[in-house]
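Undergrad: Need coordinates for the following:
(one chain, ligands or ions: 1)
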Amino acid sequence: MTLKPPRWIDQAGAKPSPHCHAIHLQVDGHLHSVEVEPWVTLMELLRDRLHLTGTRERCNHGECGACTVLVDGRRTLACLQLAVMREGCDITTVEGLANGEVLHPLQDDFIQHEEAMAEAALNPPAPMPTITATVSE
Ligand code: FES
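TA: Have a look, this model is predicted:
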């Protein structure tokens, strides 16, 4: 089995592309300075570079909401955002909703109602940022 290189690596080798842009953003309370190519989506940055896989990749077309994160407190589909557009932003993923080992109250509720969620075909990580933002709005 051959592993594909991560999407942010130049396909020709292991060096980042010379087209990379340095961006700085805060993700789940942690400051990150990363270099990304202009075509890298926020979802790819979160999942592939920062290993925050709670941000799901499903339709990749803005239809399912599985990739929803909060950008400066507003719901955003990470698959439709270029990472370079989010320079200086404060991003919250589903991982960032918890406070260390203490889950967000809505995450606790989802766990307690896991069976009903499965019947409704809901995937907890996907709608959690959306629900959290809706409650706070
Ligand atoms: S992956 Fe479906 S909306 Fe982003």
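Undergrad: interface residues of the chain facing the ligand?
TA: By C-beta under 6 Å from any ligand atom, the residues of the chain that approach the ligand are E57, R58, C59, N60, G62, E63, C64, G65, A66, C67, L77, C79. Just so you know, the C-beta spots here come from the backbone N, C-alpha and C atoms, and that holds for glycine as well.
Undergrad: Of these, which is the most crowded?
TA: In terms of neighbour count, C67 stands highest of the residues of the chain next to the ligand at 28 neighbours, by other C-beta atoms under 10 Å.
Undergrad: That residue against Q81, yeah?
TA: No. Using C-beta atoms under 8 Å, C67 is not in contact with Q81, being 9.1 Å away.
Undergrad: Could you give the number of residues near P105?
TA: Applying other C-beta under 10 Å, I find that P105 has 11 neighbouring residues.
Undergrad: follow-up on the earlier one: any common contacting residues for C67 and Q81?
TA: Counting by C-beta atoms under 8 Å, 6 or more residues apart in numbering, the common neighbours of C67 and Q81 are M43.
Undergrad: Residue ranges in the chain under the pLDDT threshold?
TA: Within the chain, the stretches with pLDDT under 70 are 1-16, 117, 120-127, 131-132, 134-137.
Undergrad: let's see it at 80
TA: Low-confidence segments of the chain, defined by pLDDT under 80: 1-18, 100, 103-137.
Undergrad: Determine which residue lies closest to the centroid of it.
TA: The centroid of the chain falls nearest to T55 when counting by C-alpha atoms, centre = their mean (3.9 Å).
Undergrad: mind listing what that residue touches?
TA: M43, L46, R47, C67, T68, V69, A78, T93, V94, P125.
Undergrad: Skipping adjacent residues, who's closest to V36 in space?
TA: Distance criterion C-beta to C-beta, 6 or more residues apart in numbering; nearest residue to V36, sequence neighbours excluded, is A83 at 4.7 Å.
Undergrad: From the ligand, how far out is the one you found?
TA: Distance, A83 to the ligand, by C-beta to the nearest ligand atom, to the nearest Å: 14 Å.
Undergrad: could you pull out the strands for this protein?
TA: Ranges of strands in the chain, per DSSP state E, are 21-27, 30-36, 68-71, 74-77, 90-92.
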